[in-house]
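Peer 1: sharing a sequence plus its predicted fold:
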Amino acid sequence: MPPPHSPTVRLRRLARELRKTREERGLTPEAAAAQLGWSRSKVSRIETGRTMASPKDVASVCDLYGVGFDVRAGLIQLAKDVRQRGWWTAYADVFTGSYIGLEDEAHLIRQWEAQLVPGLLQTEDYARTVISTLRPGDDVQRRVMARMARRTLLSRPNAPELCAILDEAVLRRPVGGPQVMYEQLEALLIASRRPNVTIHVLPYEAGAHAGLEGTFTLLSFAEEIDPDVAYVEGTAGDIYVESTEQVDRCKLIFERIQKAALPSDDSLQMINEIKEALCHG
């Protein structure tokens with residue numbers, strides 16, 4: 001059975017455009033489904049990005065809605081682009097959700113982490129320790145390889161900007177032991193030299209702060225037509241927040257955490273001091 005398609009930015013955009021066009025024509029989902037000869041659920045799945053609309057489906061919808069030639073051609077091309085396979089499909093057994101497809105197309109990634117170094121910044125040994133601890137029955141090496149492949153996102157020509165805020169506990173938790181942690185902290189310092197990577201540390205002395213409810217990631221995209229997404233990963237499953245009100249709340253929380261965190265230079269100094277202390281511990 002083929003792996004489910006990850007709803008990328010293009011799929012989300014196509015779904016929004018088809019839904020908006022139907023609403024502009026004053027058609028209910030039921031009326032559109034009846035005239036197209038589809039089920040009500042098919043219209044719903046396409047308009048929510050849970051199902052890929054084929055170019056033929058999109059052409060039928062455009063004919064029904066009376067869409068102009070240029071818009072029609074653009075939507076059909078979008079339907080074709082949606083079916084392109086991203087690099088992560090080679091690891092479909094590992095990346096089962098839609099996050100990686102969204103992350104891959106993001107222009108700006110903002111992350112607040114209270115427990116672990118973000119995946120995009122993990123070293124191989126650190127990642128292996130984390131994965132083997134959280135998923136002891138899985139193919140650990142396969143998941144490590146997938147994470148290392150994902151990490152190359154930050155070094156490609158059109159790399160997104162990453163702003164990561166780490167709780168001080170992330171730096172002091174000896175994941176994998178002193179040597180693994182030393183190399184991980186050194187890797188953070190090296191990553192921070194990239195013009196597209198900024199790292200802040202929220203020190204213990206900040207006390208109570210806006211990020212106490214939990215960690216999250218904000219993904220923003222180059223095209224204004226593509227709304228920001230907030231992502232929360234948890235034991236019970238992944239949550240994607242797309243409503244403007246909720247995403248704006250996450251943005252405000254992130255800004256408040258960043259305000260409480262150390263400036264970048266001071267953050268890197270703390271990382272270096274903790275790293276050096278591992279040599280003399």
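Peer 2: Arrived safely. A quick note: this is a predicted structure, and the numbers were derived from the prediction, not measured.

Peer 1: residues contacting residue 261?
Peer 2: 165, 200, 201, 202, 203, 206, 267 (CB atoms under 8 Å, 6 or more residues apart in numbering). Yep, even glycine has a C-beta here, placed from its N, CA and C like the rest.

Peer 1: excluding its backbone neighbours, what's nearest it?
Peer 2: Here the nearest residue to residue 261 in space, its sequence neighbours aside, is residue 200; by CB to CB, 6 or more residues apart in numbering that works out to 4.0 Å.

Peer 1: okay, now that neighbour: neighbour count?
Peer 2: Neighbours of residue 200 under the rule other CB atoms under 10 Å: 21.

Peer 1: distance of it from residue 247?
Peer 2: 21 Å (CB to CB, to the nearest Å).

Peer 1: quick check, the residue nearest to residue 261 in a helix?
Peer 2: No: under DSSP: H, G, I helix; E, B strand; the rest coil, residue 200 sits outside any helix and is assigned strand.

Peer 1: pLDDT score assigned to it?
Peer 2: pLDDT, the model's per-residue confidence, is 98 for residue 200.

Peer 1: what about it, distance to residue 233?
Peer 2: Relative to residue 233, residue 200 is positioned 20 Å away (criterion: CB to CB).

Peer 1: point out where the protein drops to low pLDDT.
Peer 2: Low-confidence regions of the chain, defined by pLDDT under 70, span residues 1-8, 85, 281.

Peer 1: residue nearest the centroid of this protein?
Peer 2: For the chain, residue 103 is the residue whose C-alpha lies nearest the centre (CA atoms, centre = their mean; 3.7 Å).

Peer 1: quick one, what contacts that one?
Peer 2: Shown here is residue 103, whose contacts under the criterion CB under 8 Å, 6+ apart are 109, 150, 153, 219.

Peer 1: what about it, which SS state?
Peer 2: Secondary structure of residue 103, per three-state DSSP, is helix.

Peer 1: all strands for the stretch 151-281 of the chain, in order.
Peer 2: Taking DSSP state E, counting those that start in this stretch to define them, one finds strands in the stretch 151-281 of the chain at 161-167, 197-202, 216-220, 229-234, 237-241.

Peer 1: if you rank the contacts of residue 103 by neighbours, which is first?
Peer 2: Neighbour counts for these, by other CB under 10 Å, peak at residue 219, which reaches 25 neighbours.

Peer 1: can you pull the contacts of it?
Peer 2: With contacts defined as CB under 8 Å, 6+ apart, the neighbours of residue 219 are 102, 103, 106, 108, 109, 228, 229, 230, 231.

Peer 1: sweet, I'm off.
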